[in-house]
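**Q** Just to be clear, the model below is a prediction. Sequence and coordinates:
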Amino acid sequence: MSPPKPNQKRLPKNLSLACRPRRLPIVRQQETDDGNLRVTVHIKPYRWVQFFTGRPEAERTFALDSLGQEVYQACDGKTSVRKIIEAFARTHQISLAEAEMSVTTFLKTLVTKGLVAMTLDEESL
């Protein structure tokens, strides 16, 4: 995991696990023949791309395998990260530590790619 930027504060672990990930609006979603899920979202391209293409927006498609789909579909805005980890560990019969590492790393990727946002309710504080 990369260190936080100087002006970026990190949440304590207990608050991070209390966050509720939710899927962001997507352009389209389709299932492929091999069972993977392809999710397409709008992105704002880099300035140099905008300059050369003349387009202020672009689309980007991400393919999610069955494990990725499972975590992505669990991001309903109601289920906490902790509950997603517990369900993942139970379903795949792995330890909570393994599930925590896998799920949190993948969720971080989903957030970075603009597919998921994290919500933290006041009641969780």
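**A** Looks like it came in fine.
**Q** In the chain, what helix or strand scores lowest on average pLDDT?
**A** Ranking every helix and strand in the chain by mean pLDDT, DSSP states H and E puts helix 47-53 at the bottom, with a mean of 73.
**Q** Contacts made by that one with the rest, please.
**A** With contact meaning C-beta atoms under 8 Å, 6 or more residues apart in numbering, helix 47-53 is reached by P45, R55, P56, A58. Backbone N, C-alpha and C define where each C-beta goes, glycine included.
**Q** out of those residues, who has the most neighbours?
**A** When neighbours are counted by other C-beta atoms under 10 Å, P45 leads the contacts of helix 47-53 with 16 neighbours.
**Q** Quickly list what the nearest residue to that residue once chain neighbours are set aside is bridged to.
**A** Distance criterion C-beta to C-beta, 6 or more residues apart in numbering; nearest residue to P45, sequence neighbours excluded, is A58 at 4.6 Å. On the basis of DSSP bridges, A58 is bridged to I43.
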